[in-house]
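*Asks:* Sequence first, predicted coordinates after that:
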Amino acid sequence: MHQEAVPDEAVPAPAAAPQQGAPKGLLQQMEELMAALNADLTQLDADLQSSAERPSPLRDDAEG
């Protein structure tokens, strides 16, 4: 499975954040990870759809 490192600057941490600031940072991280996962799944779906549209050379030889 493909995993990409998220740069530290992608999720800026407040300098003097109270304890209640932590969940917002975690929520932002989760949203970014979900967006990256969604993009990966969209690309995988597109790859699968394009491979399903063109017949495999092995299939053509076996049928012909």
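*Replies:* Perfect, thanks for sending it.
*Asks:* can you pull the buried residues of the helix or strand hosting residue 46?
*Replies:* Per DSSP states H and E: residue 46 is located in helix 22-53. Judged by neighbour count using 16 or more other Cβ atoms under 10 Å, helix 22-53 contains no buried positions. Where you see a C-beta, it was placed from the backbone N, CA and C, and this is true even at glycine.
*Asks:* Sketch out the low-pLDDT regions of the chain for me.
*Replies:* 1-23, 55-64 (pLDDT under 70).
*Asks:* hmm, 80 instead?
*Replies:* The chain contains residues with pLDDT under 80 at 1-24, 54-64.
*Asks:* so how far is residue 49 from residue 42?
*Replies:* 11 Å (Cβ to Cβ, to the nearest Å).
*Asks:* try residue 38
*Replies:* 16 Å.
*Asks:* Also residue 31?
*Replies:* Distance from residue 31 to residue 49, by Cβ to Cβ: 26 Å.
*Asks:* Repeat that for residue 24.
*Replies:* From residue 24 to residue 49 the distance is 37 Å (Cβ to Cβ).
*Asks:* Residue 27 too?
*Replies:* 32 Å.
*Asks:* How about the contacts made by residue 42?
*Replies:* Listed by Cβ atoms under 8 Å, 6 or more residues apart in numbering, residue 42 has no contact partners.
*Asks:* How much space separates it from residue 50?
*Replies:* 13 Å.
*Asks:* Give the residues shared as contacts by those two.
*Replies:* Contacts common to residue 42 and residue 50, judged by Cβ under 8 Å, 6+ apart, are absent.
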